[in-house]
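1. Structure for this input, please:
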Amino acid sequence: MAFSVSDFSATINRHGLAKDNLFLARFTTPKTLSTGSGNRDNMNLRDLPFFARTVQLPDLDITTTTVKPQGHGVSHKRATVMENGQVQVVFRVDANFAIKKLFHQWNQGVFNHGNGQGPLNSVDGRGLYELNYHDDYTSTLDILAYSYNQEQITYNYKFYGAFPTSVSGVQLAWENNAQIMTITVNFAFDSFSVDGADDGEVTALDSKTGLLGFLSSINSVAQQVKQLRKPRDIQDLITQTNNVGRILDTLPF
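-> So this is what the prediction gives:
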């Protein structure tokens, strides 16, 4: 099939092209910044999206292993596990350094590295070098990419259990004339969802497939097994044999 410039242009014009400069990064407030001494300088996380300069969304990497189906010859790849990457966000630093303070406090909310006040210094009840609870320092991070055609068209990434694993240093130099100060923050996360993935469905209790259906069947079997007893005569033996058959029929496999 010969390449057609007109077909190419028509296809691009029909679908359009997404731009990489239309996005929004939103955070829920972790408990460590909403209670105790956290976020003492009142940087509102609702203001944070306007300071996000760039976002590097993680790759979706599936780890593979090599197998040889015939035991020799050509190797094939098989999926084994999926590894979560990290979300990298570069923030512009405001004139009051509130963003730097926020992420340094969030970092300390994960691991109390102290503040030069000695080994007995505690932060929100946590001693020096003491880790916090996971649920106290994690947030939900939303990255929304907007379409240049219509504002209501978005592609949403949602990262659950997100927290900063590193906050970059800053190079200061007299030669950097009027450059905007930035910091790079890397976020780890537990799980994620994207608009393009299938949401799936919860299996009903009366289904013979899925975990809930399996547990329901096992419970039913256990109740019926309790009713079995040593047969008293031939007829009783026949009756209980039929009961065993009914029990086997209720199993989901």
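
2. remind me which residues of the chain are low pLDDT?
-> 1, 35-43, 115-121, 200, 202-253 (pLDDT under 70).

3. what ranges do the strands span in it?
-> Under the criterion DSSP state E, strands of the chain are mapped to 23-27, 52-56, 61-67, 76-83, 87-92, 139-146, 154-167, 182-188, 191-194.

4. got CSV for those, with distance to Asn176 and mean neighbour count too?
-> The way it works is simple: take the backbone N, C-alpha and C, and place the C-beta from them, glycine included. Output for the strands of the chain, formatted as CSV (distance: least, CB to CB, whole Å; neighbours: other CB atoms under 10 Å):
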stretch, distance to Asn176, mean neighbour count
strand 23-27, 25, 18
strand 52-56, 16, 15
strand 61-67, 36, 10
strand 76-83, 37, 10
strand 87-92, 14, 19
strand 139-146, 29, 19
strand 154-167, 20, 18
strand 182-188, 11, 18
strand 191-194, 36, 14
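
5. Go through these and name the closest to Val123.
-> strand 154-167 (16.1 Å; CB to CB).

6. and the closest one, what does it pack onto?
-> Under the contact criterion of 3 or more CB pairs under 8 Å, 6 or more residues apart in numbering; DSSP states H and E, strand 154-167 touches helix 98-110, strand 139-146, strand 182-188, strand 191-194.

7. So for His76, which of the ones you listed sits nearest?
-> Of all the helices and strands packed on strand 154-167, it is strand 191-194 that lies closest to His76, at 27.7 Å by CB to CB.

8. just to revisit the earlier point, just tell me which of the helices and strands packed on strand 154-167 ends up closest to Ser4.
-> strand 139-146 (30.3 Å).

9. Would you pull up how far the closest one lies from the middle of the chain?
-> How far strand 139-146 lies from its chain's middle: 11 Å, per CA atoms, centre = their mean, to the nearest Å.

10. circling back: okay, the strands of the chain in TSV with distance to Phe103 next?
-> Shown next, in TSV, are those (distance: least, CB to CB, whole Å):
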stretch	distance to Phe103
strand 23-27	11
strand 52-56	12
strand 61-67	26
strand 76-83	25
strand 87-92	8
strand 139-146	12
strand 154-167	5
strand 182-188	6
strand 191-194	21
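
11. Of those, which is nearest Trp106?
-> Here strand 154-167 is closest among those (CB to CB), at 5.7 Å.

12. got the angle for that closest one vs strand 182-188?
-> Strand 154-167 and strand 182-188 are oriented at 100 degrees to each other (axes from the mean of the first three to the mean of the last three CA atoms, to 10 degrees).

13. which other residues reach strand 154-167?
-> Contact partners of strand 154-167, identified using CB atoms under 8 Å, 6 or more residues apart in numbering, comprise 18, 27, 30, 57, 86-87, 103-104, 106-107, 110, 134, 137-147, 183-196.

14. Stretch 129-136 now?
-> By CB under 8 Å, 6+ apart, stretch 129-136 touches 30-32, 109-114, 126, 161.
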